[in-house]
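S.K.: need a structure here:
(chains A and B)
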Amino acid sequence: MTNIIDNRPSEADNPGWIEWATGLLAAVLVIGMLVWVTWEALTQENRPPEFTVTITGRQMVQGNYRVSFDIANTAPQTASAVAVRGEIIQDGKAVEEVEVTFDYVPAQSQAAGAVLFSRDPGQDEVRVRAVGYTTP
Amino acid sequence: MAGAENVVGSRSQANRELRRFLLGLGRGAAGAMLFGIPMLMTMEFWALGFSMDRWRLLLMLLANIPMLILLADLIGFEHTTTWQQALRDATIAYGLGIAISGAILVMLGIIKADMSLSEILGKTAIQAIPASIGAMLGRSQLGGQDDDEEKDGEDGGAVPDHLSTHYVQELFLMAVGALFLNLNVAPTEEVILISYKMTPWHALAAILASIAIMHAFVYAVAFKGTHAIPEGIPWWHAFLRFTLPGYVIAMGISIYVLWTFGRLDDMAFTQMLMSAIVLSFPGSIGAASARLIL
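M.R.: Just a heads-up that it's a prediction; the model follows:
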């Protein structure tokens, strides 16, 4: 309880058990978080970003052929300005290239996106891969 | 003759009440603008209006209603005694928030006639939340000295200068303060960018600094509403009962706001925690300030 005496709030001398219980619960949460972050700080390795691209869908949309994909960063470092290139491969050569840039792919997280080709690749191989990034 | 005087008397009484009401409305509008403008002029907020998940938007819009009612009960436009009055004040604040947000967005050319209804409504709705809190605070903070005296006299009842703030109310006010500063900062890209730039060591420093600042704001630095700890009570009593729960509340509000704006989607747990820690820094300052100001 806070008592406001002479317009100057002052904490009561005999707070109820609820206040102590809330305080203890909060202390446990804060200490838990501190321990977690400290553990992260101590065990964190400085591995640069690594990407895996998983194609999640292929669809013809209004004259474009859309290949949607998830890009996952498995490393503990975040990458920014991640350039991803999609290619249609015919006889070992890229016949169409499209590029998309992700603002961020956070550490150990994933982001979703899509590349739009001008034609249906049909039986040809579609390759989507990250071609570069910067550190934030 | 006496009857005529009564009529004149009740008419001037009604006039005075109308004036008081319009004055409250004006202060609410001023508050909505004062607190709402930083967000009304933030680009990310406009984008959120059409991009954010509609269920999350709806949840936030609904959650704003009980929050405004509770806030009205504590600091509303008029001195409120019943929940009907609190409900009325909350409705007025929400309405003012919507009207002023919409009007300013139109004036700034951010809402235009050729936009889809969904975009127009979304942009206005998301802005109405901080603006309505601002409208509510406007009455409390922009009020003159007269009101304060009057409020003390009415609020205190039999013991006019001794009023007890309930613990839960105190925590609630901290949540409102944290929410308010979070809404200012959360939509910007800087929050996540900072969380990517920080190492866990930086995060540790941010947590400890947030908690220390919160405690110092309320108990050490002598602002007008500074809370006094009675003689003979160790400092950590107040620290455990108010500051730490306050920080956990700021943290919770940060996570909620980040989730609402879709900033936590597809993120690893550590990354979520990092951005919540970043956002809790302004949040905890907001929470501490709310204890002082409100």
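
S.K.: Please work out how many residues are found near the residue lying closest to residue A:76 once chain neighbours are set aside.
M.R.: In space, not counting the residues next to it along the chain, residue A:76 is nearest to residue A:107; the distance is 5.0 Å by C-beta to C-beta, 6 or more residues apart in numbering or on different chains. C-beta: built from backbone N, CA, C; applies to glycine. Other residues near residue A:107 number 21, with proximity taken as other C-beta atoms under 10 Å in any protein chain shown.

S.K.: One more: the one 4 residues further on?
M.R.: Residue A:111 has 20 neighbours, counted by other C-beta under 10 Å.

S.K.: One more: residue B:139?
M.R.: Counted with other C-beta under 10 Å, residues neighbouring residue B:139 total 25.

S.K.: so it touches residue B:74, yeah?
M.R.: No - using C-beta atoms under 8 Å, residue B:139 and residue B:74 do not qualify as a contacting pair, with a distance of 11.2 Å.

S.K.: surely the residue nearest to residue A:76 meets residue A:80?
M.R.: No - taking C-beta under 8 Å as the definition, residue A:107 is not a contact partner of residue A:80, at 11.3 Å.

S.K.: Which neighbours do these two have in common?
M.R.: Applying C-beta atoms under 8 Å, 6 or more residues apart in numbering or on different chains, one finds that residue A:107 and residue A:80 are jointly contacted by residue B:196.

S.K.: returning to that earlier point: how about the secondary structure of the residue nearest to residue A:76?
M.R.: Secondary structure, DSSP: H, G, I helix; E, B strand; the rest coil: residue A:107 is coil.

S.K.: What backbone torsions are found at it?
M.R.: Listed backbone geometry of residue A:107 is phi -60, psi 140, with angles given as degrees, to the nearest 10.

S.K.: Okay, helices next: where are they in the chain?
M.R.: Since no chain was named, I'll use chain A. Chain-ordered helices for chain A, with DSSP state H as the definition, fall at A:17-43.

S.K.: think we crossed wires, I meant chain B
M.R.: Using DSSP H, the helices found in chain B span residues B:2-40, B:43-51, B:54-75, B:83-107, B:117-141, B:145-156, B:167-185, B:189-197, B:200-215, B:235-238, B:244-260, B:269-293.

S.K.: could you list every residue that touches residue A:76?
M.R.: Counting by C-beta under 8 Å, 6+ apart, residue A:76 has contacts A:44-47, A:107-108.

S.K.: Emit the ChimeraX select command for whichever of these are buried.
M.R.: Of those, the buried ones can be selected in ChimeraX as follows, counting by 16 or more other C-beta atoms under 10 Å in any protein chain shown:
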select /A:107,108
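
S.K.: so which pair among the contacts of residue A:76 is furthest apart in space?
M.R.: The largest distance within the contacts of residue A:76, taken as C-beta to C-beta, falls between A:46 and A:108 and amounts to 13.9 Å.

S.K.: Contacts only, for residue B:120.
M.R.: Applying C-beta under 8 Å, 6+ apart as the definition, the contact partners of residue B:120 turn out to be residue B:111.

S.K.: What's the local residue count around residue B:201?
M.R.: Here the number of neighbours of residue B:201 (other C-beta under 10 Å) works out to 14.

S.K.: Any regions of the stretch 101-250 of chain B where pLDDT drops low?
M.R.: Within the stretch 101-250 of chain B, the stretches with pLDDT under 70 are B:140-165, B:222-226, B:231.

S.K.: contacting residues around the closest residue to residue B:188 other than its chain neighbours?
M.R.: With C-beta to C-beta, 6+ apart as the measure, residue B:44 is the residue that lies nearest to residue B:188, at 5.4 Å, once sequence neighbours are left out. For residue B:44, the contacting residues are B:187-189, by C-beta under 8 Å, 6+ apart.

S.K.: Show the buried residues in these.
M.R.: The neighbour-count test (16+ other C-beta under 10 Å) applied to the contacts of residue B:44 identifies residue B:187 as buried.

S.K.: Format the contacts of residue B:44 as TSV; extra columns: distance to residue A:126.
M.R.: TSV is the format used below for those (distance: C-beta to C-beta, whole Å):
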residue	distance to residue A:126
B:187	35
B:188	36
B:189	31
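
S.K.: Which residue would be the closest one in the stretch 51-200 of chain B to chain A?
M.R.: Here the residue of the stretch 51-200 of chain B nearest chain A is residue B:200; by C-beta to the nearest C-beta that distance is 3.4 Å.

S.K.: Now do that residue against residue B:276, distance only.
M.R.: Computed as C-beta to C-beta, to the nearest Å, the residue B:200 to residue B:276 distance reads 14 Å.

S.K.: what about the two, which has more around it?
M.R.: When residue B:200 and residue B:276 are compared on other C-beta under 10 Å, the one with more neighbours turns out to be residue B:276, at 26 against 21.

S.K.: Please name the residues that touch the more buried one.
M.R.: The neighbourhood of residue B:276, defined by C-beta under 8 Å, 6+ apart, consists of B:251, B:254-255, B:258.

S.K.: now, which of the residues you listed sits nearest residue A:89?
M.R.: Sorting those by how near they are to residue A:89, with C-beta to C-beta, puts residue B:258 at the top with 40.1 Å.

S.K.: Not counting sequence-adjacent ones, nearest residue to the closest one?
M.R.: The shortest distance from residue B:258 to any residue other than its chain neighbours is 5.1 Å, reached at residue B:264 (C-beta to C-beta, 6+ apart).
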